[in-house]
Structure formats: C-alpha cells, structure tokens
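Novice: predicted model and sequence follow; I will ask about them next.
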Amino acid sequence: MGYLIRPVKADEWKRLRELRLAALADPVARIAFNESFEKVAAYPDEVWQRRAGRSDEDRDPLTFIGEGPDGGWGGMVVVLVEKEGADERGGEEPWAHIVGVYVRPEHRGTGLARELFAAAVEWAWSRSEPAVERVRLWVHEENERALALYRSLGFVETGRTMADPKDGTAIEHEMALERA
C-alpha cells in the first residue's frame, strides 16, 4: 500500500485526536505510551488545535501521519527537538526526540512505520537552528516488536535507562541514531 507521509494540517485536529485516542486504546498502550486514554480523552479541543497547528507550521512537536490511498490515517509519529543541556548529557549538541509512535493494527507490517521514521529523521536532520546530530527515543523493556523495529532502523541502545513513569518496577531503554 502506498502512503502519503506528511505533517498534520491545522484543520485536521479532530482526526489527530481520534488517531491518538486509538493509539491509547490499543492493547499495547500500557507499555508503549506514558499517557492514559482517560487523561488524553479529557483534553480540551484547544490542545488538539494547538498540536495540529504547530505541525502545519513546521514547528515541533511535529506530527507526521501516514495517509493511505483511501484518505485514512494508518499511523503517526511525533518528533521534537530538545535543546542542549535538557538532560544529563550535559550541554552536548541538541537532539531530536521521537515519541508517540503508532501504527493501526491493520497497517502493521506494511512498511508504514519505516516511512514515518524516515520522515521524522529527515526532518530532524534538516534543522539548522539548532542543528541536530542525534535522534533518540525511549522504549519499554517488554515492547519487543518496537525494539526490533528500532534496531532495524539503525537505532542502538545507549545504556541509559529509566523507570517507566507508569510502573516504577519496569524499565525503559534509551535508543539513539547518530547522524552519519
């Protein structure tokens, strides 16, 4: 299936909300996302309008969607730039952070996730102010499917871990892709 990979447009905020809620209703949501369905479902319309508007203006956090030939949205990825010193890396160059990765079950295995990641990484590398040399993400230790995908895309575990914000007994691993 051929997908059109593009940023969300400002007037598509209702579709963005629907896709995010579908992600949070998915059975893997408990290990894939740090927000709950209930919390996000209660967000006012202004939150969704602002998110969609930022993507439409090429500002982060930017949401890319994969639109199928029928106009349906098969998945999404969100990317943002974190400024230097934003964490314990201690003032190194800014990096991009990929969050909110979701592909609807009926679109999994089609290559859509790879296309979404390609767009997010290309967008990150295209930044000049600030220039980005590293793309990172966090993945739950039990999310084997995501781990395999990220490794196949060239992401490597950095050795950094953190407790899952929803379950302090579970671990998330940082993975990164350095600019070649």
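Specialist: Happy to help now that I have it.
Novice: what's the spacing between the longest helix belonging to the chain and its chain's center?
Specialist: Secondary structure of the chain read by DSSP state H shows that its longest helix is helix 112-126. The chain centroid and the centroid of helix 112-126 are separated by 10 Å, computed with Cα atoms, centre = their mean, to the nearest Å.
Novice: quick check: what element follows that helix along the chain?
Specialist: Tracing the chain past helix 112-126, the next element assigned as helix or strand by DSSP states H and E is strand 134-140.
Novice: next, the angle from that next one to helix 112-126.
Specialist: For strand 134-140 against helix 112-126, the angle by axes from the mean of the first three to the mean of the last three Cα atoms, to 10 degrees is 140 degrees.
Novice: quick one: list the elements packing against strand 134-140.
Specialist: strand 95-103, helix 112-126, helix 144-152, strand 156-164, strand 167-178 (3 or more Cβ pairs under 8 Å, 6 or more residues apart in numbering; DSSP states H and E). C-beta coordinates here come from the backbone N, C-alpha and C atoms, glycine included.
Novice: ok, now with 7 Å
Specialist: With contacts defined as 3 or more Cβ pairs under 7 Å, 6 or more residues apart in numbering; DSSP states H and E, strand 134-140 has these neighbours: strand 95-103, helix 144-152, strand 167-178.
Novice: which of these sits closest to G74?
Specialist: When those are ranked by distance to G74, counting by Cβ to Cβ, first place goes to strand 95-103 at 6.3 Å.
Novice: residues in contact with that closest one?
Specialist: Strand 95-103 is contacted from outside by 23, 74-82, 112-113, 120, 124, 132, 134-137, using Cβ atoms under 7 Å, 6 or more residues apart in numbering.
Novice: with stretch 2-19 instead?
Specialist: In contact with stretch 2-19 (Cβ under 7 Å, 6+ apart) are residues 48-49, 51-53, 55-56, 58, 62-69, 73-74, 76, 112, 115-116, 119.
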